[in-house]
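A.B. asks: Have a look at this prediction, sequence included:
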Amino acid sequence: MLHSIQKLFVLATALTILAGFNSCKPKTAGSAVSGDAAQKVYVAPGEYDEFYSFTSGGFSGQIAVYGIPSGRLLKVLPVFSQDPESGYGYSEETKPMLNTSHGFIPWGDQHHLAISQTNGEMDGRWLFANENNTPRVARIDLTTFKTVEILEIPNSAGNHSSPFITENTEYVVAGTRFSVPFEEENGDIPISSYAENFSGAISFISVDPETGKMAISFQLKTPPVNFDLSRAGKGPSKDWFFFSTYNTEKAYTLLEVNASQRDKDFIMAVNWKKAEEYIKAGKGRKSKVNYAHNTYDENSHTGISEMLNEVLVLDPTELEGIAYFIPCPKSPHGTDVDPTGEYIIGSGKLASLIPVFSFTKMLKAIEEKNYDGEYDGFPVLNYDAVLHGEVQKPGLGPLHTEFDDKGNAYTSFFVSSELVKWNVETLEILDRAPTFYSTGHLTVAGGDTKKPYGKYAIAWNKITKDRYLPTGPELSQSAQLFDISGDKMQLLLDFPTIGEPHYAQMVPADLITKNQKRIYDINKNTHPYVSKGEGETKIVRDGNKVHVYTTVIRTHITPDNIEGIRVGDEVYFHVTNLEQDWDLPHGFAIMGNTNAELLVLPGETQTLKWVPKKAGMIPFYCSDFCSALHQEMQGYIRVSPAGSNVPLRYGTGETAPGMSTAAR
Ligand code: RUQ
Ligand code: CUA
């Protein structure tokens, strides 16, 4: 679960023991919080938080939404895993969202997030999320907090270097962690032929500026290294993208040793504008692949999954000027670009310094062909020619860097468990704050954009140990909120997280709240099985398939008496929630149903598939407490044996079968 930093934990343990610091509560832990911290995080009942933090759920496959500064968990957004709270991945409409070229996948691994940007600032429209295990990128609509698109990434394995975006959301990138043989090549080969037969791939996904729809615009084929993270340039460097690499040793076994041999790996600088020029000129070739593109329509409330089979591949060794390698010490994890777009920071997990590269110098080195040879046909720029300077003795195990609005950088350290503040120009270290324990990512509000808010930083910690009441062998992971508005960082709050937090995006609340949708307009509902009123409810039998057009409203279900269902039937309950009020979902649950339950939002239609297994009486009910008479919101289904001739009859109240006025 700690992927690339697992070995660091081993190292961390060794180092902390050496340093006489064990992971029992340090004496300073309590006193690290000063008196006014409580006031700074107190959000009075009924008041709102100032920021949202969209936080990756790691191996939960979901995203958690917290209010900051209170640390209150507001919601878990289902993205890459089935969600037993909302029915995502269980309802017939949402199952296609989890379809891939490997079939339906109920559980993913979600690491990084990016909020769409306009002119290098967060615009609050969409949230992009990666799936690491089976490579995919998702888009979440921030007016409804629903996952509306998932695009699989072919020729990749371990979509870790993703999703990072350009300053006008022209592209979302996806860099592969594992190099693998391309799909059109034979993968049934000896693993030991890694160096000859494996390749890396970087995908540039275009985003439609109006609708947000994603499409793979092109892929770059690269040497078989591992891509870890990436960042787009901004301002002067906006046409470039930077990718950290490790395993330039091309190891395929025991990477902890074999991929840590070289003194320097690389940051790959990609000129995506140049790539666009080559595409316009007809360069590149079509590669045969197979990948899923899933979209969810919020009017029909229905997802569809479509398989695509071609992708445009560019080979930078044949197309000059697309990609260059910048040497970067010791297995860089994060690569980050400062708000001005001039400085590129590489965080070598095993390095004892942090190199800061200059974009201006990089362009000059490219122009002067100031190369230190090449790596697999890619020009390697001279380290000293591109270097702005090095932060000396910053800490142990630097992973990620974010920025404030005053020219400072904040780097997270896994091994030495701290956040370190330093000045990007002078490279001088300004402050250190201990973290508990072993920070992975950190987030500053807007800290990856041209306009950081610079008020809070959150350390997303990998190890929790003794910070909370124990909960058995498995502990919740942990976040720590810091006030960074002053000269010194001030610890304000610890709060637990869902799954494993990797990266997060912190965004001013009003950017999100101003566009919130409270209901789905039932008049705009185009679901093929919608019932826009109880008068439209009905049951249609088509062979053994039975479609039940169902409505729910406080506080009854229509129909709530159903007879004539037989063993062997496949029954689809298409449940429309007729409510048009905020915060009025209804649930729908059938006894014994192996495909779980539904949650239906106001104006929405969702479908629950049910296959009765035996004759008898089956109750169903609303599973979300919706009013004082919620407990009355229930019904019965009479199930007869296969071949029975009990007629199909149904209704609610006066129309229920057996009632005197029953007309149906
Ligand atoms: S990673 S702890 Cu999956 Cu983003 Cu750096
Ligand atoms: Cu509807 Cu409870």
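C.D. replies: Great, that's in hand. Ligands and ions are numbered 1, 2, ... in the order given.

A.B. asks: residue contacts, Leu308?
C.D. replies: By CB atoms under 8 Å, 6 or more residues apart in numbering, the residues touching Leu308 are 289-293. C-betas here are computed from N, CA, C, even on glycine.

A.B. asks: can you tell me which of these are in strands?
C.D. replies: 289-293 (DSSP state E).

A.B. asks: which outside residues touch stretch 266-273?
C.D. replies: 166, 171, 202, 204, 220, 222, 225, 227, 239-245, 248, 316, 321-328, 332, 335, 344, 346, 357, 362, 375, 378, 380.

A.B. asks: Give the buried subset of the contacts of Leu308 as a PyMOL selection command.
C.D. replies: A single PyMOL command selects the buried members of those (16 or more other CB atoms under 10 Å):
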select buried, resi 289+291+292+293
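
A.B. asks: how about the contacts of Leu308 in JSON lines, adding pLDDT and distance to Lys234?
C.D. replies: Below are the contacts of Leu308 laid out as JSON lines (pLDDT from 0 to 100; distance: CB to CB, whole Å):
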{"residue": "Val289", "pLDDT": "98", "distance to Lys234": "31"}
{"residue": "Asn290", "pLDDT": "98", "distance to Lys234": "35"}
{"residue": "Tyr291", "pLDDT": "98", "distance to Lys234": "30"}
{"residue": "Ala292", "pLDDT": "98", "distance to Lys234": "32"}
{"residue": "His293", "pLDDT": "98", "distance to Lys234": "29"}
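
A.B. asks: With adjacent residues omitted, what lies nearest to Gly499?
C.D. replies: Excluding the flanking residues, the one nearest Gly499 by CB to CB, 6 or more residues apart in numbering is Ser60, at 3.0 Å.

A.B. asks: So that neighbour, which state does it fall into?
C.D. replies: For Ser60, the assignment made with DSSP: H, G, I helix; E, B strand; the rest coil gives coil.

A.B. asks: what's the burial count for Ser206?
C.D. replies: Ser206 is flanked by 15 other residues according to other CB atoms under 10 Å.

A.B. asks: Identify the residue spatially nearest to it, adjacent ones excluded.
C.D. replies: Closest to Ser206 by CB to CB, 6+ apart is Ser217, at 4.2 Å.

A.B. asks: any idea how far Leu312 is from the closest residue to Asp239 other than its chain neighbours?
C.D. replies: Distance criterion CB to CB, 6+ apart; nearest residue to Asp239, sequence neighbours excluded, is Lys273 at 4.0 Å. Taken as CB to CB, to the nearest Å, the spacing of Lys273 relative to Leu312 amounts to 16 Å.

A.B. asks: Between the two, which has more neighbouring residues?
C.D. replies: Between Lys273 and Leu312, counted using other CB under 10 Å, the more crowded position is Leu312 (16 against 13).

A.B. asks: Name the residue closest to the centre of this protein, please.
C.D. replies: Centroid-nearest residue in the chain: Ala129, 2.8 Å away (criterion: CA atoms, centre = their mean).

A.B. asks: That one and Pro78 touch, don't they?
C.D. replies: No: contact criterion CB atoms under 8 Å: Ala129 and Pro78 do not qualify, at 10.9 Å.

A.B. asks: which parts of the stretch 551-664 of the chain sit against ligand 1?
C.D. replies: Remark: no part of the stretch 551-664 of the chain is in contact with ligand 1, using CB under 6 Å from any ligand atom.

A.B. asks: low pLDDT regions in the stretch 551-664 of the chain?
C.D. replies: For the stretch 551-664 of the chain, applying pLDDT under 70 flags the ranges 660-664.

A.B. asks: How about Glu184, nearest residue that isn't a chain neighbour?
C.D. replies: Using CB to CB, 6+ apart, the nearest residue to Glu184 is Lys288, at 4.4 Å.

A.B. asks: State the mean pLDDT of stretch 43-50.
C.D. replies: For stretch 43-50, the mean per-residue pLDDT is 97.

A.B. asks: Can you list the buried residues in it?
C.D. replies: Applying 16+ other CB under 10 Å to stretch 43-50 flags 49-50 as buried.

A.B. asks: With stretch 285-302 instead?
C.D. replies: 287, 289, 291-296, 298, 300-302.

A.B. asks: Give me the distance from it to the chain's centre.
C.D. replies: Relative to its chain's centre, stretch 285-302 lies at 17 Å (CA atoms, centre = their mean, to the nearest Å).

A.B. asks: residues from the protein in reach of ligand 2?
C.D. replies: 552, 586, 622, 624-626, 630, 633.

A.B. asks: re earlier: out of the buried residues of stretch 285-302, which is nearest to ligand 1?
C.D. replies: Among these, Tyr291 lies closest to ligand 1 (CB to the nearest ligand atom), at 21.9 Å.

A.B. asks: Run through the bridge partners of that closest one.
C.D. replies: Beta-bridge pairing for Tyr291 (DSSP bridges): Leu308.

A.B. asks: Same question for the one 5 residues further on.
C.D. replies: Beta-bridge pairing of Tyr296, defined through DSSP bridges, involves Gly303.

A.B. asks: and the residue of the stretch 351-500 of the chain found nearest ligand 2, what does it touch?
C.D. replies: Nearest residue of the stretch 351-500 of the chain to ligand 2: Ile498, at 25.9 Å (CB to the nearest ligand atom). Shown in contact with Ile498 (CB under 8 Å, 6+ apart): 55, 57, 60, 62, 64, 73, 76, 476.

A.B. asks: how about the residue nearest to Asp239, secondary structure?
C.D. replies: Per three-state DSSP, Lys273 ends up helix.

A.B. asks: Next, work out how far apart it and ligand 2 are.
C.D. replies: Remark: distance between Lys273 and ligand 2 (CB to the nearest ligand atom, to the nearest Å) = 54 Å.

A.B. asks: Do me a favour and get the end-to-end distance for stretch 603-623?
C.D. replies: Terminal residues of stretch 603-623 are spaced 17 Å apart (CA to CA, to the nearest Å).

A.B. asks: Then stretch 196-212?
C.D. replies: 38 Å.

A.B. asks: Then stretch 373-382?
C.D. replies: Termini of stretch 373-382 sit 9 Å apart (CA to CA).

A.B. asks: cool, stretch 522-538 as well?
C.D. replies: For stretch 522-538, the end-to-end distance is 18 Å (CA to CA).

A.B. asks: Show me what from the stretch 401-550 of the chain comes close to ligand 1.
C.D. replies: By CB under 6 Å from any ligand atom, the residues of the stretch 401-550 of the chain that approach ligand 1 are 440-441, 502-503.

A.B. asks: Tell me the bridge partners for Val600.
C.D. replies: Going by DSSP bridges, Val600 forms beta bridges with His586.

A.B. asks: just checking, Tyr194 touches Tyr252?
C.D. replies: Yes: Tyr194 is within contact range of Tyr252, at 4.1 Å (criterion: CB under 8 Å).
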